[in-house]
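Enquirer: one predicted model, sequence on top.
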4 protein chains.
Amino acid sequence: MIIVMETKATRDQVNGIVARVKALGLGAHLSEGEERTIIGVVGSPLPPSLEDELEIHSGVERVVRITKKYKLTGWDFHPQKSTIAVRDVVIGGDALTIIAGPCSVESEEQTVSTARAVKDAGASILRGGAYKPRTSPYEFRGMGRRGLEILATAREETGMPIITEVMTPSDIDVVGEFTDIFQIGARNSQNYLLLEEVGKAGKPVMLKRGLSMLMEEWLLAAEYVMAQGNPDVILCERGIRTFESSTRNTLDVSSVPVIQGMSHLPVFVDPSHAAGKRALVPALALAGIAAGADGLMIEVHPNPDHALSDGAQSLTFAQFEALTPRLAAVAEAVGRRLPVGADVAPVPA
Amino acid sequence: MIIVMETKATRDQVNGIVARVKALGLGAHLSEGEERTIIGVVGSPLPPSLEDELEIHSGVERVVRITKKYKLTGWDFHPQKSTIAVRDVVIGGDALTIIAGPCSVESEEQTVSTARAVKDAGASILRGGAYKPRTSPYEFRGMGRRGLEILATAREETGMPIITEVMTPSDIDVVGEFTDIFQIGARNSQNYLLLEEVGKAGKPVMLKRGLSMLMEEWLLAAEYVMAQGNPDVILCERGIRTFESSTRNTLDVSSVPVIQGMSHLPVFVDPSHAAGKRALVPALALAGIAAGADGLMIEVHPNPDHALSDGAQSLTFAQFEALTPRLAAVAEAVGRRLPVGADVAPVPA
Amino acid sequence: MIIVMETKATRDQVNGIVARVKALGLGAHLSEGEERTIIGVVGSPLPPSLEDELEIHSGVERVVRITKKYKLTGWDFHPQKSTIAVRDVVIGGDALTIIAGPCSVESEEQTVSTARAVKDAGASILRGGAYKPRTSPYEFRGMGRRGLEILATAREETGMPIITEVMTPSDIDVVGEFTDIFQIGARNSQNYLLLEEVGKAGKPVMLKRGLSMLMEEWLLAAEYVMAQGNPDVILCERGIRTFESSTRNTLDVSSVPVIQGMSHLPVFVDPSHAAGKRALVPALALAGIAAGADGLMIEVHPNPDHALSDGAQSLTFAQFEALTPRLAAVAEAVGRRLPVGADVAPVPA
Amino acid sequence: MIIVMETKATRDQVNGIVARVKALGLGAHLSEGEERTIIGVVGSPLPPSLEDELEIHSGVERVVRITKKYKLTGWDFHPQKSTIAVRDVVIGGDALTIIAGPCSVESEEQTVSTARAVKDAGASILRGGAYKPRTSPYEFRGMGRRGLEILATAREETGMPIITEVMTPSDIDVVGEFTDIFQIGARNSQNYLLLEEVGKAGKPVMLKRGLSMLMEEWLLAAEYVMAQGNPDVILCERGIRTFESSTRNTLDVSSVPVIQGMSHLPVFVDPSHAAGKRALVPALALAGIAAGADGLMIEVHPNPDHALSDGAQSLTFAQFEALTPRLAAVAEAVGRRLPVGADVAPVPA
């Protein structure tokens, strides 16, 4: 951390800062220039909001943090890109991972048929919501435990691992009994106690980006999970909230290369929630792969017009089948591939 | 709800929509104009995301919801402005309510001295964090139960009701044992299970606006609390996230009159979190009162430069004392007042 | 336009609205339901801000415009996708158009060498700024007319058409003397008089999206150009301003399919200004093509670290050469192609 | 400027930076710590985008600019708050300035009657648009020169100075023939050539904040005017574009104290354009004054429901008359006042 003093800062002001830094058990290294004094702070750990505190001291012009606040998610502590194994699927390697399925689990028939369809078309993991966060308390909020059982049935039928959302610490046990990956939704992305508890549950966690989350905040949220000893975190960009209203959210496709520059964790893109409209999903899915995402999460429904949630953004089976070969082609164009042949076990008859 | 069909919509498309509406137990009323057909949907309840579903049907140009999604928070169901009694303090009446205190409870000495100082200066309710949500897992996260005990001591010493944050359902019992008002922070503003559980706890709830929350979403979050039978919800604007970076958040002062047009609930302004910088707090506090807020929530600390959290935005005792007479003057200018004399019991010697 | 009256609207209020509508020379068609009256407005043209005016009349619940404000840019008036011929280059067809070159023209050597390099690597059109809009009045603002002459020299040397920015109506003549395409920058995207004047100048116009421009506003800005009889407008997404600060702007890649749903005009992506950082440009360029853009505009500089403007976001020749084959591969994956062979005349020796 | 090198930066990388800095005629001062080297850049002027350039050099961790980019607008160059005299009105002093009038000049009757009404109620300056920027080319765009003549008549009738918008350099002469203050609208706030030309015209300039303009960008735009020798610039906050859609724009009331900390220029608030809805204007006007604004700009119309532009946000005469005493009361509460008695010459009979 570097503290730049004002040109008119007094000796007393400089000494006051130095004393404050030393009181925190840190060292202070003065560089007295012609125009101004600069104080280098050495030692660790730096209190995370130290710059805010120091910046308002009189005589201080600017405080610049040089060390990063995040650790476990950064390249410094883990110079290889992370790969995460979920049953037979490896996330973060050369082969991209397509997660697909209905927004909400509505019935066994709906879920199993979707699982079969998306697996046939190239998806590796099945998604489906059993506990649904809804803006309004008067909306359908998921089937709960019965939904989890249906997902497990679909896994048995197809061999696909499953991912489903957990919304509150007290549901971690029941969700963990069934799921292969815990999903933390955008609205819970800074629900820190949930992040810690899910970090203790011993299974991979997909952390969606919050609607107004900065890159560093996203990594720090992942840090809550990893600090519990769980290295298996997947990040998922799903659109941010901006002034633009023609899409439900604004897909920040740049977050893919930006995060990849900061962190070794795999990054996915969810084009369905970003777009909010079915017709836009293919373009955003293709863009996500082209930008370097490690995978996609796409909503697919046998009859989207009658879905109990988010039908407007769900693809039909036919639309998803038409999309995956295009995803494969773009993946190849950027040096990746969709899992095929040996990668994907066939759906049991 | 009104469904505007495209000019080129076919009879079959119109019939399809009508059938879908009827399948939901609703009525459909056709108005066939020269250019296009308009379908009015009558009956209730309308599924909350029905417009999303219908909008993507072929032949549909636009769907317009006319009824509001929120109920209990709206004027239709409660035509008088809500007032909320918290011990001797009445929130939402003519007298404004100033909530003040430290960001975090750090010690009995710090908390009690702050409570005395802010009460003397005109505050009615004491704030203080015992469980703190922090962006990073490596920051100070509050004193927990010991912090609650200190707040209770400060209440005993001064007679002021207290408000403190609760972050997760499993803490509701312990926090409820001590607090007079539950505070739900911005990051938990869409933590729906927390909202429901706190709604059952039988005490007033202050719901901060999320960083990217729309007005309707804010009311729907309040609706989660109220749907549990708890009418005592206070809304608190604390700044939204925008492109502007000279303040920590952008205080959306317009939200005060906008919400007052939509809802009977009291609305507060938190200038401290909005500004992020002490020097800006007075201007934003005064603006909040001028815009019609029912109260303020302000951070005050005996020695802000050494606060364990958010020191940069905390006022000193002297700054808070200098501010309250100005708040009183602006309050009077807009037809409100700060509680004085009979309104405020003196601090016991 | 549909005017939804409040349930409690009086007969007088309905009559007042009808009278107002008729005073504008429009027709009013009443549909009186059990709950409320709905007034359909027929006839044209509708004053563009009529809904704002009517919405605040007492008794009015909601006003819904059904017809679009934009005309010439929309599919209704031009059901074929537009293609724009610029010398030998056709924009908007199957072949994508890569525009590349330095941010600013700095010298003949710099510009011609860049032109040769980008043409060899697959670019079809040369960009270069002679008149530069700069946030600060103390920055380099371009070479002016001399810069235009250099661009013309580069065109002669390579056969590539050129595009350059015009900032004010009085420069249109001199810029038009040289350029093949006028570029209107993001900051001038709502400089309506400039748009009209450039619309009269008889050459294609590329209109960059403003930093906080909605889709409809963007099309209406294009409408200013087209209303002067100039059909040759190219739209270019270059990032919007959001809370996210890890990139200079946030590339709104969704704007590509959204605009393509609304308008027949070609849409480009400028990954350089969106990213603001060289390392991110390839990922965003690839994402733009994958999302369906008709072309890209990329900054390339022989020695970016010494560029007089925007060096940080400019690719080196080697980086651009490494990128174009990847662009070609993604283009092919989404059913497009980069111009090759017969499409591109070789650079004269 | 301070350049923080990476911990692993090589001697060659450090030397490269030093060489680059010296090539710009600046000095480099090395501070070699245990962990990393820090390079202080001394001398001036610093190229305005030098940090962008240096930040991407290999071996560089971070570049921090310490000196401000703006000069003439800052306190360093002008330690007294600016006051601006416009005929008998002094802007920026203790007395606040209320500018009021119709959005557009529509007729002599409309303008003169509005001028009389707003003067009687306490306004000091008359606003009115003769040249109107409109999002759509198909909207009413003002009366042009005839509108200016009407404003001049209203000035004669009431003695009030006038302010009106100029949209393009070629209109400066005609507008300058009539107006007392040039208004630059939000959409032209980065139309740099217009700013320079209006800076030469020898009359005060009000510069509205652009919809997505940062504080520094706003001051740099003002710098364009001032660099032409014109010190009389007034800034006007009129709302920024955010995700929030319940108001037309989001009034960033914090910009008032923030700008006042950075600059000596007077700052106004325009509640009408920020709100977009009449009912919200009073609350925002009061908030602006409470936050410390030097004045307000408010739209008033004799018959807002029939205004040719922005009627929805215009106050009626009665609403404006009801508002000004409340503005006066809040002004007094924050140590300012509305001009009365000797300050305001009576309207000639």
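Expert: Everything's here; your move. Numbers count the residues shown, from 1 in each chain, chains lettered A, B, ... in the order given.
Enquirer: is chain B within reach of the lowest-mean-pLDDT helix or strand in chain A?
Expert: Lowest by mean pLDDT, DSSP states H and E among the helices and strands of chain A is helix A:50-55, with a mean of 79. Yes: for helix A:50-55, a contact with chain B is found by CB under 8 Å from any CB of the partner chain, at A:Asp52, A:Glu53, A:Glu55. No exception for glycine: its C-beta is placed from N, CA and C like everyone else's.
Enquirer: I'd guessed the second one sits against B:Ala312; true?
Expert: Just to be clear, that refers to A:Glu53. Yes: contact criterion CB atoms under 8 Å: A:Glu53 and B:Ala312 qualify, at 6.0 Å.
Enquirer: who has more neighbours, those two?
Expert: B:Ala312 (24 against 21; other CB atoms under 10 Å in any protein chain shown).
Enquirer: so who does that one touch?
Expert: A:Ser49, A:Asp52, A:Glu53, A:Glu55, A:Ile56, B:Gly276, B:Lys277, B:Arg278, B:Pro304 (CB atoms under 8 Å, 6 or more residues apart in numbering or on different chains).
Enquirer: need the max-distance pair from these.
Expert: A:Ser49 and B:Arg278 (14.1 Å; CB to CB).
Enquirer: can you report how many residues lie near A:Leu296?
Expert: 26.
Enquirer: tell me the SS of it?
Expert: strand (DSSP: H, G, I helix; E, B strand; the rest coil).
Enquirer: A:Ala154 now?
Expert: Per three-state DSSP, A:Ala154 ends up helix.
Enquirer: so for stretch A:25-35, mean pLDDT?
Expert: Mean pLDDT, computed over stretch A:25-35, is 82.
Enquirer: next: stretch A:325-341.
Expert: The model assigns stretch A:325-341 a mean pLDDT of 91.
Enquirer: and for stretch A:68-79?
Expert: 91.
Enquirer: other SSEs contacting the longest helix anywhere in chain A?
Expert: In terms of residue count, the longest helix belonging to chain A (DSSP state H) is helix A:317-333. Contact partners of helix A:317-333 among helices and strands, from 3 or more CB pairs under 8 Å, 6 or more residues apart in numbering or on different chains; DSSP states H and E: strand A:97-101, helix A:108-121, helix A:281-290, strand A:295-299, helix C:317-333.
Enquirer: so where's the stretch 201-349 of chain A shaky on pLDDT?
Expert: Residues of the stretch 201-349 of chain A that meet the criterion pLDDT under 70 lie in A:340-349.
Enquirer: how about the strands in it?
Expert: Along the stretch 201-349 of chain A, counting by DSSP state E, counting those that start in this stretch, strands occupy A:205-208, A:233-237, A:267-269, A:295-299.
Enquirer: next, format those as CSV and append distance to B:Pro325.
Expert: Listed next are the strands of the stretch 201-349 of chain A as CSV, based on distance: least, CB to CB, whole Å:
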stretch, distance to B:Pro325
strand A:205-208, 47
strand A:233-237, 49
strand A:267-269, 53
strand A:295-299, 56
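Enquirer: make CSV from those and add distance to chain D to it.
Expert: Supplementary listing: those in CSV, determined by distance: least, CB to the nearest CB, whole Å:
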stretch, distance to chain D
strand A:205-208, 18
strand A:233-237, 17
strand A:267-269, 21
strand A:295-299, 23
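Enquirer: and A:Arg336, backbone torsions?
Expert: Note on A:Arg336: backbone dihedrals following degrees, to the nearest 10 are phi -120, psi -170.
Enquirer: could you find the closest non-adjacent residue to it?
Expert: Leaving aside its sequence neighbours, A:Arg336 sits nearest to A:Leu96 (CB to CB, 6 or more residues apart in numbering or on different chains; 5.3 Å).
Enquirer: distance-wise, check the one you found relative to B:Asp252.
Expert: Per CB to CB, to the nearest Å, A:Leu96 is found 40 Å from B:Asp252.
Enquirer: repeat that for A:Met167.
Expert: Taken as CB to CB, the span from A:Met167 to B:Asp252 is 27 Å.
Enquirer: which one of the residues of helix A:50-55 next to chain B is nearest to A:Trp218?
Expert: A:Asp52 (20.0 Å).
Enquirer: my guess is that closest one meets B:Ser314, correct?
Expert: No: contact criterion CB under 8 Å: A:Asp52 and B:Ser314 do not qualify, at 10.8 Å.
Enquirer: neighbour count: those two, which is higher?
Expert: For the pair A:Asp52 and B:Ser314, the greater number of neighbours falls to B:Ser314 (27 against 19), based on other CB under 10 Å.
Enquirer: circling back: what separates the least confident helix or strand of chain A from the chain centre, distance-wise?
Expert: Computed by CA atoms, centre = their mean, to the nearest Å, the chain-centroid distance of helix A:50-55 equals 29 Å.
Enquirer: what does that helix contact?
Expert: A:1, A:3, A:17, A:20, A:24, A:41, A:47, A:60, A:62-65, B:276, B:305-307, B:310-312.
Enquirer: helix or strand right after it?
Expert: Going down the chain from helix A:50-55, the next helix or strand is strand A:60-64, by DSSP states H and E.
Enquirer: now that following strand: buried residues?
Expert: For strand A:60-64, the buried set under the neighbour-count rule, 16 or more other CB atoms under 10 Å in any protein chain shown, comprises A:Val60, A:Glu61, A:Arg62, A:Val63, A:Val64.
Enquirer: just those residues now: which is nearest A:Ser136?
Expert: A:Val63 (43.2 Å).
Enquirer: what's the closest non-adjacent residue to the closest one?
Expert: A:Glu51 (4.2 Å).
Enquirer: what's the spacing between the one you found and A:Ile66?
Expert: Taking CB to CB, one finds A:Glu51 at 10 Å from A:Ile66.
Enquirer: mind checking which of the contacts of helix A:50-55 are buried?
Expert: A:1, A:3, A:17, A:20, A:41, A:47, A:60, A:62-64, B:276, B:305, B:307, B:310-312.
Enquirer: ok, of those residues, which one's closest to C:Phe320?
Expert: A:Val64 (33.4 Å).
Enquirer: residues near the residue nearest to that closest one when sequence neighbours are not counted, how many?
Expert: Computed as CB to CB, 6+ apart, the closest residue to A:Val64 that is not its neighbour in sequence is A:Ile2, at 4.7 Å. When neighbours are defined as other CB under 10 Å, A:Ile2 has 22 of them.
Enquirer: now swap in A:Gly101 and tell me
Expert: 31.
Enquirer: please report how far it lies from chain B.
Expert: Per CB to the nearest CB, to the nearest Å, A:Gly101 is found 19 Å from chain B.
Enquirer: A:Thr83 now?
Expert: 24 Å.
Enquirer: hmm, A:Ile91 and that residue touching each other?
Expert: Yes: using CB under 8 Å, A:Thr83 makes contact with A:Ile91 at a distance of 6.5 Å.
Enquirer: shared neighbours of these two, anything?
Expert: A:Pro266.
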